Structure formats: structure tokens, C-alpha cells
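Asker: Sequence below, structure please.
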Amino acid sequence: MPLRPDTARQIDTLVADAQSHGHVPSLAVGVVRDGRLTHLAAAGTRPQPDADLQYRIGSITKTMTAVLVMQERDAGRLALDDPLRRHLPEAAAAGPVTLRQLLGHAGGLQREPDGPWWERNEGVDLTTLLQGFSTAKIAYPPYRAFHYSNLAYGLLGGALEHITKTPWPQLLRERILDPLGLDRTTYAATEPYAPGYVLHPWHDTAREEPRTDTRAMAAAGQLWSTVADLARWAAFLADPDPAVLAPSTLDEMCAPVILTDLDSWRGAYGLGIELIRDGDRVYAGHGGSMPGYGAMLMVHRPSRTGVVGFANAYTFRSGGLRPLSRQILTQVLEAEPTPARPWRPADAAPPADVAALTGRWWWMGIALDIGSDAATGELVAVTSSGKVSRYAPAGPDRWRGVGGEENGEVLAVRRDDTGTPVALDIATFVFTRSPDQAP
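Answerer: This next block holds a predicted model:
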């Protein structure tokens, strides 16, 4: 649904102010709701931004590389705790560093590969990149601390090519871009695109930056995209197409691998996904930069709301896209919260054997209310403190936790001689029908 006019005007004003005070030639920010771009705020004239204008997305590319790795994991061709050297033997110097650690920037690898600054110079092939890789590139013992590494994603791209026997750009096109209709997301700039600039700090002249082919480092930050396409990718990260990636796998990617902020716990990194805490909300996504460009993607997954943004300047004098995107996303969620889905009564009562499990159960004076979800066939358990767990059928008198505090645990039904359920054994905690009955 479109934003209300007053919310749209406030966002337009924020973007216009950011472009003016930030001295950005062009700035474009899109708001995503329920799977589509619902508002575009654009400012600047060099060039005039629109939803189809390409910019470099920089490290947002890493989120797509991570999805490719997870696709391979789901297909059984790798395990996240495999060492990199198993799938890229030429990277034996990485020792025991795993794919999971590389995805989460917890592998201890240095930030950049050897040689000149890869983002601003023409890239090298994978063989040459690997020739410069040695134990000297391990900056920290793995998993001791978060240490962002572009090199890690160059190596992950190489591992993908080794496993699939397919070049990374082709794999990306076949597995992600084409299935999701991201036709304006490309390896190289495709007209119309915004030139990228560095602004002189004293007289505001704009120097155009080179548009490099990063080759073996492409999996870390090569891609170009538009507001319209990046909005589709944001919608995917909020609510994935199961034909591309299982929703449970994306949930796994959005679980923290390592904290990036040990002082206040406001940031973490998942499997290729950056996590930012804003009050009681967690935003998932990634930022990106390449010489002459800045980009941001941020989504609040529970409400399927997100913000994507581009600037064609490497310097942004008024704080940058990250705080601007976060401010806009929070403002949208505060001003226009997602309405609750309409409730509707069940068409029929649950089967008798399931109905016999519903109602109130007790453990040590603590109540547990069991209901039945007709749409999923699951049991829904709510504690007296409001915590909710869900259980799916897993065999005769067995249910497996599929959500909430008891996720993965077994609920076993105990019956008396007449076949009546008399107790529920949940991970050894035995609930009975009476608070006076000892478990």
C-alpha cells in the first residue's frame, strides 16, 4: 500500500536535505512495503535520479553471494562448517577457517587482498588472487572477534566456482537475477547509469571515478543495480521466494554469527547479512560502497518493510546513507505500522485426538494453554507469561517444536489405560491437568 501523503512528504524532505547538506550529485531512496516499491524520494540533478537509474551497490553484492552459498548448502554440496580449503584447495593457507566464519566475517582474514586497492583498479583472475594468499593474511585467530573482510568474499566466490564449475557472474544470473526478475542488476554498468564522483573538500568540484571490473573479487562488491531492482531484492530478504531459497534458510542467515558491537550489542553479522538493532526492532541488510558510490539496503523482516538507497558520491558530508536509511525506515514503521492480519474462525473443530490435547495444563503451578491452529495443523502453546511455542506432528503421540522457546524439542503425550491424555512431557518437563498433581 502507498505511504500516506504526510509520511511521503516527510521522507522527501529528509532526502532533499541530505542531498543538499551532503553535497551529493544525486540521491535516491526507495521505501519497500509488502513486496514492492511504494515510494521513491529523489534529489539532485547530476544525473536526475529515477527508479531505473543504475548505481554501484558495492558490498550489498555480498548478500547475493551468501545466498548462492546457502543454496549449495541446502543442496547438500557443502556444509557451513567445512573448511574453505576443502572447496578451494589453493586456499590451504586459510587452515581450519570455515565457510560459516567467512560468511560472518569471523574468520580472521585481513580486510583486503594483496596488491593495489582492488575497488579502484582493474581486477585479477582467481589464480592470481590465490597466489597472493598466505597465512600472513590471517589478521586474527578465527572467531575471536568480528573483522570485516572483502577478501573472504572473493575467496567464497572462488569456492562457488570450484564447486559448481560455473563462473560466479553466470551462477548469479541463473540462480538469483533471472528467477527474481532483476533485469537491471548487472555485472557492468548498463545505460542509463549514474557516474560516480569524489567531491573536492574545498571547492566542490566533482572528479569522476573509474568503473572497474574487479574480476576475482567481484563476489565482494562488483554489481550495479537500480532502486526498482534493489527494492525487489529487499522484498526477497524480507520474505523469500521458496523457489530461490527456503524461508527457513534465510531465517538462519539472519541469526547472529558474531557481534560487531561488544559494548552495546547494537550490531551483529549473520551469514552474509548485517543486523542492526534499533530499539526493540532488528533491521537486516547490508551497506555498500565503491569509489564514487554509496548504497544501503535495510529491511524490518516481521513487517516486510524496507529502505534502499543510492548516492553517486564517495563522500557524504551529512552522515551518509546508513543513518538516513535507518531514520527513514524507523519513521515509516512508527508512522504507519503494519495492520494486523484479519482473524477468522476455523472452518471445523480439530480431530478428536488433537482436541483432547487442547486446554490448560500445569507444571509446578505454572499454566500452559494448548490450542490448535487449523491452518497449519500445529499445536500452539502459550505460557502464563505470554511466551508462544508451536509444535508440528512428528509421529504417534509425538510433536516437534517448530517455533518459539521450545523450537526443536519434543512434546510427548502420556495416556492412561483408557487412552486419555493425562500428561505432556516437553523436554522432561511434565505438564498435567491439575495444578495439585505432582509432575
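Asker: Now tell me what touches the longest helix belonging to the chain from outside.
Answerer: Assignment by DSSP state H gives helix 5-22 as the longest helix of the chain. Identification of contacts with helix 5-22 by CB atoms under 8 Å, 6 or more residues apart in numbering yields 2-3, 24, 26-29, 31, 39, 41-44, 311, 313, 316-320, 324, 327-328, 331-332, 335-336. All C-beta atoms are positioned from the backbone trio N, CA, C, and that covers glycine.
Asker: Let's see that with 7 Å instead.
Answerer: 27, 29, 31, 39, 41, 43-44, 316-318, 324, 327-328, 331-332, 335-336 (CB atoms under 7 Å, 6 or more residues apart in numbering).
Asker: Which of those residues are buried, as a ChimeraX select command?
Answerer: ChimeraX command restricting the contacts of helix 5-22 to the buried ones, with burial defined by 16 or more other CB atoms under 10 Å:
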select :27,29,31,39,41,43,44,316,324,327,328,331,332,336
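Asker: before we move on, the earlier item: immediately after the longest helix of the chain, which helix or strand?
Answerer: strand 26-33 (DSSP states H and E).
Asker: Now do that next one against helix 5-22, angle only.
Answerer: Using axes from the mean of the first three to the mean of the last three CA atoms, to 10 degrees, the direction of strand 26-33 lies 150 degrees away from that of helix 5-22.
Asker: Can you get me a residue count around the nearest residue to Gly104 once chain neighbours are set aside?
Answerer: Distance criterion CB to CB, 6 or more residues apart in numbering; nearest residue to Gly104, sequence neighbours excluded, is Val257 at 3.0 Å. By other CB atoms under 10 Å, the residues close to Val257 number 21.
Asker: before we move on, what about Gly22?
Answerer: Neighbours around Gly22, by other CB under 10 Å: 22.
Asker: same thing with Ala218?
Answerer: 21.
Asker: Looks like it contacts Trp168 (just checking).
Answerer: Yes: at 6.0 Å, Ala218 counts as touching Trp168 under the criterion of CB atoms under 7 Å.
Asker: Give me the common contacts of the two.
Answerer: Joint contacts of Ala218 and Trp168 (CB under 7 Å, 6+ apart) are Gly157.
Asker: chain center to the longest helix of the chain, what's the gap?
Answerer: 26 Å (CA atoms, centre = their mean, to the nearest Å).
Asker: Same question for stretch 346-354.
Answerer: 37 Å.
Asker: can you tell me the distance between the two ends of it?
Answerer: 14 Å (CA to CA, to the nearest Å).
Asker: Could you give the number of residues near the closest residue to Arg77 other than its chain neighbours?
Answerer: Spatial nearest neighbour of Arg77, chain neighbours left out: Ile163 (5.8 Å); criterion: CB to CB, 6+ apart. Ile163: 18 surrounding residues under other CB under 10 Å.
Asker: Distance-wise, check Ile163 relative to Leu99.
Answerer: 10 Å (CB to CB, to the nearest Å).
Asker: Give the residues shared as contacts by those two.
Answerer: Leu78.
Asker: Quick check: next helix or strand after the one helix or strand Leu130 maps to?
Answerer: If you go by DSSP H and E, Leu130 is part of helix 126-131. The element immediately downstream of helix 126-131 (helix or strand, assigned by DSSP H and E) is helix 150-164.
Asker: Give the buried residues for the next helix or strand after that next one.
Answerer: Downstream of helix 150-164, the next assigned helix or strand under DSSP H and E is helix 168-172. By 16+ other CB under 10 Å, the buried positions in helix 168-172 come out as 168-169, 171-172.
Asker: what does stretch 372-384 give?
Answerer: Applying 16+ other CB under 10 Å to stretch 372-384 flags 372, 378-381, 383 as buried.
Asker: List the contacts of Leu53.
Answerer: 28, 47, 192-194, 226.
Asker: Ok, Arg232 next?
Answerer: So Arg232 contacts 180-182 (CB under 7 Å, 6+ apart).
Asker: for stretch 166-183, what is the average pLDDT?
Answerer: Averaging pLDDT along stretch 166-183 yields 98.
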